[in-house]
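> below is the sequence, then the predicted model.
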Amino acid sequence: MPTPEAGRAPQDRAARLAVVDPATGETFDEAPDQQPDELDDVVDRARRAWTGWRTDPAARATGLRAAADAVEAAGDDLAALLTREQGKPLAESFMEVARTAARLRYFAGLTPGTRRIDDGRPVHSEIRWRPLGPVAAIVPWNFPLQLAAAKFAPALAAGNTVVLKPSPYTPLATRLLGAVLSTVLPEDVLTVVTGREPLGARLASHPGIRHVTFTGSVPTGRAVAGAATASLARVTLELGGNDAAVLLDDVDVDRIADRLFWAAFRNCGQVCMAVKRVYAPARLHAEVVEALAHRAKTVVVGSGLDPDTRLGPVNNAPQLARVEQITHRALAAGARAAAGGHRLDGPGYFFAPTILTDVPPGHPVVTGEQFGPVLPVLPYRNIDEAIDAANGTDFGLGGSVWGADPDRAAATADRLECGTAWINHHAELSLAQPFAGIKDSGVGVAGGPWGLYGNLRPFVVHRPMEEGR
Ligand code: NAD
């Protein structure tokens, strides 16, 4: 197994970043705390590597397939490290590793098509597609590997090189991933850099970067977009979400309760497109609260390394403090916790899975992004009111409608203002679909062929007919 330290110059080992296990609250390892001025050399090397990588699509496809194989072969180590630094149950880390490999394979199979423009003029016009150059990929701590792959797989497949910056809370699995991929990809085609701010800010504004693709919170997304104006690099932003689940009056609560619960609580609620609020018909509200609260009270919470655990800790201390504060503010304002509502005793960043009712209208736990194991359940009187409320925040990532009649649910889902809507489930994505949030949830389109073209620029060639075919 390659080690992330292999081939590093001694000065790279100087400044260190402590990495905490969220299940214990203890530091268990460290990563390099790279400084912004180190990026000049990193980006320069990425630019030089680009001159070779851009030339041969077939070699790129072979390289990305080999990369997928290498990720799978390193699956045990990657998953264990991911659980240790991120907190999620080991089974979910294995799924994340599998999704990382799947993204590499999917984009290895995509090639941009050359298209002729036929507008009746005696000119042979052709659109070809060219890569952009070094791409900066900046990702958060909730799905470090699969979100990174969602960025570097299409960028590399398109013929760009990539400088990847994980969150300082989760640098280790990404560094190991970088080391694994370096065994099959040409040197400097993918470089992982780790460190505290202002490393990301410098990367986003670096003059050698031609595309900044960012996943994270709305405020940081705004800062990244601002930083990228310095170089006028292309910007793709995948930002926060506040997805609503709207339950219709014919819903079978027993039947959907498990699915709904996990749509909100998977990865301890730290999912951009988790269900972050539930709208239930007033007649069914108590039944929905009870079904969800029962699951919240009985789910096994613990270290992700324990095979019985279904729900791990919150990833980091500041996020735990945010989740605690938003919950306590809601309770102080008159909300009631049907389950949870507090931190769990003992070490680690554990918060009891929480179901809130009686939340005052317009409270931040409904209008904002709690990003943790806390779910408000709100009653509604008629469906127009529910749809208005679902659409009534600054976010627009996803949403879902749940009911016994899928056609009726689908017709209602059509009224949601968001990028992806689901019927009777939530947050399932296809690799082949466009993924794009609206309003504050994002700029640009990732996923599928759109993700590939997001990393390419059109290059158009016109030739008079008499000069050729
Ligand atoms: P964050 O915005 O704090 O950090 C994201 C990344 O940006 C990290 O690598 C961080 O180190 C870096 N960063 C911080 N300041 C920066 C700056 N000034 N310039 C450049 N980079 C900077 O987000 P987080 O707390 O790590 O992640 C949680 C957020 O991510 C939530 O809002 C969640 O909804 C969002 N998210 C969105 C998606 C999506 O696809 N839409 C997916 C996952 C997570």
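Okay, I see it.

> secondary structure class for the residue lying closest to residue 423 once chain neighbours are set aside?
In this structure, residue 423 finds its nearest non-sequential neighbour in residue 409, 4.8 Å apart by CB to CB, 6 or more residues apart in numbering. (C-beta placed from N, C-alpha, C; glycine too.) Three-state call for residue 409 (DSSP: H, G, I helix; E, B strand; the rest coil): helix.

> does residue 409 touch residue 245 like I think?
No - counting by CB atoms under 8 Å, residue 245 is not a contact partner of residue 409; they are 11.1 Å apart.

> joint contacts of those two?
401, 402 (CB atoms under 8 Å, 6 or more residues apart in numbering).

> the spatially closest residue to residue 125 that is not a sequence neighbour: what's it in contact with?
In space, and not counting its chain neighbours, residue 125 is closest to residue 117: 4.0 Å by CB to CB, 6+ apart. By CB under 8 Å, 6+ apart, residue 117 lies in contact with 125, 126, 127, 460.

> do you know the pLDDT at residue 117?
Predicted confidence (pLDDT) for residue 117: 93.

> same check on residue 112?
On the pLDDT scale, residue 112 is placed at 90.

> ok, back up a step: quick check: of the contacts of residue 117, which lies closest to the ligand?
Distance to the ligand, by CB to the nearest ligand atom, is smallest for residue 127 among these, at 28.8 Å.

> and the closest one, helix, strand or coil?
Assignment for residue 127 (three-state DSSP): strand.

> which helix or strand contains residue 421?
Here residue 421 is covered by strand 420-423, with elements defined by DSSP states H and E.

> the residue nearest to residue 423: how many residues sit nearby?
The number of residues packed near residue 409 is 23, by other CB atoms under 10 Å.

> also residue 73?
As a measure of burial, residue 73 has 14 neighbours, counting by other CB under 10 Å.

> also residue 308?
8.

> ok now the lowest-mean-pLDDT helix or strand in the chain, how far from the chain's centre?
When the helices and strands of the chain are scored by mean pLDDT, DSSP states H and E, strand 115-117 comes last with a mean of 93. Centre-to-centre, strand 115-117 and its host chain are 35 Å apart (CA atoms, centre = their mean, to the nearest Å).

> and what of stretch 337-354?
25 Å.

> and it, what's buried?
Residues 337-341, 343, 348-354 are the ones in stretch 337-354 that count as buried (16 or more other CB atoms under 10 Å).

> need the residues you listed in JSON lines (columns: distance to the ligand, secondary structure and pLDDT).
Formatted as JSON lines, those follow (distance: CB to the nearest ligand atom, whole Å; DSSP: H, G, I helix; E, B strand; the rest coil; pLDDT from 0 to 100):
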{"residue": "337", "distance to the ligand": "23", "secondary structure": "strand", "pLDDT": "98"}
{"residue": "338", "distance to the ligand": "25", "secondary structure": "strand", "pLDDT": "98"}
{"residue": "339", "distance to the ligand": "23", "secondary structure": "strand", "pLDDT": "98"}
{"residue": "340", "distance to the ligand": "21", "secondary structure": "coil", "pLDDT": "98"}
{"residue": "341", "distance to the ligand": "22", "secondary structure": "coil", "pLDDT": "98"}
{"residue": "343", "distance to the ligand": "19", "secondary structure": "strand", "pLDDT": "98"}
{"residue": "348", "distance to the ligand": "19", "secondary structure": "coil", "pLDDT": "98"}
{"residue": "349", "distance to the ligand": "14", "secondary structure": "coil", "pLDDT": "98"}
{"residue": "350", "distance to the ligand": "18", "secondary structure": "coil", "pLDDT": "98"}
{"residue": "351", "distance to the ligand": "16", "secondary structure": "strand", "pLDDT": "98"}
{"residue": "352", "distance to the ligand": "21", "secondary structure": "coil", "pLDDT": "98"}
{"residue": "353", "distance to the ligand": "19", "secondary structure": "coil", "pLDDT": "98"}
{"residue": "354", "distance to the ligand": "18", "secondary structure": "strand", "pLDDT": "99"}
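
> ok, so of those, who is nearest residue 274?
Proximity of the buried residues of stretch 337-354 to residue 274 (CB to CB) peaks at residue 353, which lies at 12.6 Å.

> circling back: so the residue nearest to residue 125 versus the ligand, what's the distance?
Using CB to the nearest ligand atom, to the nearest Å, residue 117 is found at 34 Å from the ligand.

> do the same with residue 393
Distance of residue 393 to the ligand, given as CB to the nearest ligand atom: 13 Å.

> pull the contacting residues for the spatially closest residue to residue 290 that is not a sequence neighbour.
For residue 290, ignoring the flanking residues on the chain, the nearest one in space by CB to CB, 6+ apart is residue 338 at 7.4 Å. If you count contacts by CB under 8 Å, 6+ apart, residue 338 has them with 289, 290, 292, 293, 296, 355, 356, 357, 377.

> in helices only, show me those.
289, 290, 292, 293, 296 (DSSP state H).
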